[in-house]
Structures are given as structure tokens and as C-alpha cells.
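>>> here are the coordinates; sequence isn't available:
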């Protein structure tokens, strides 16, 4: 099983861990492209995406099924916690399936109340 690991901020984490936001948007940077394609230009195959809110083993995380990726050029949407995406340009959209695991949420929820 292969897992793509990404770090995200609190606002998107909150709506993604619940499944409300079932995608992640990333700039088409060299770094991100290298995570999605190998040196031969072939798409990398992932089973899951692990998102952490911060760095370190004690940080909150969740793991969702990887459902592929595509390119988008604009997105305008607002989520239940007020987190807003208002982007125009060329971005990667990483599509997510079901959240299959979450951890360190108790400490996270207590710190952010």
C-alpha cells in the first residue's frame, strides 16, 4: 500500500477529516508534480493520502482513500466552518474517497477550542 503524505492547515483539515471537503488543491509546483509523477512521466499510484495538521508524530492526522488527480483552473466555494477557496490559475486537484483512519484528534480539539 502506498501513501501520499501532505501537511495542511487547520481550516481545511477540519472540513476534510469529516469528509465534507473531499479533495485537496495544490499549486502546480515542481515539488507537487514530483509527488504525482515519476521520473519517466508516469502517474504514481497511491492507495491513500495522509494529511497532517502540522509536523511531528503527535499532530492530528487522517488518512483518506486516493481517488486520483486532475487539473483545475478555478474554484470558488465556501465550507461550513467558513473556510473559503477562491482560486484562479492552474492547480492540481487531488480527489479523495472515504476517510479510513484519524488520529490525535482529542489533543487537537482541546488545543483549538
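Great, that's in hand. Since this is a predicted model, take the numbers as computed values, not measurements.

>>> who's sitting farthest from the centroid in this protein?
Using Cα atoms, centre = their mean, the residue of the chain lying farthest from its centre is residue 40. It sits 24.6 Å away.

>>> next one, pLDDT for it please.
Looking at residue 40, its pLDDT is 96.

>>> so it: helix, strand or coil?
When classified by DSSP: H, G, I helix; E, B strand; the rest coil, residue 40 comes out as coil.

>>> show residues contacting the lengthiest strand in the chain.
In the chain, taking DSSP state E as the definition, the longest strand is strand 84-103. The contact list for strand 84-103 (Cβ atoms under 8 Å, 6 or more residues apart in numbering) reads 4, 6, 16-19, 22-28, 32-33, 36, 48-49, 60-78. To be clear about C-beta, it is placed using only N, CA and C from the backbone, and glycine gets the same treatment.

>>> same question for stretch 31-43.
With contacts defined as Cβ under 8 Å, 6+ apart, stretch 31-43 is touched by 4, 26, 44, 69, 92.

>>> quick one: average confidence on the helix or strand where residue 63 lies?
Using DSSP states H and E, residue 63 falls within strand 61-78. Model confidence over strand 61-78 averages 97 on the pLDDT scale.

>>> okay, now the sheet partners of that strand, with direction.
strand 48-52 (antiparallel), strand 84-103 (antiparallel) (DSSP bridges).
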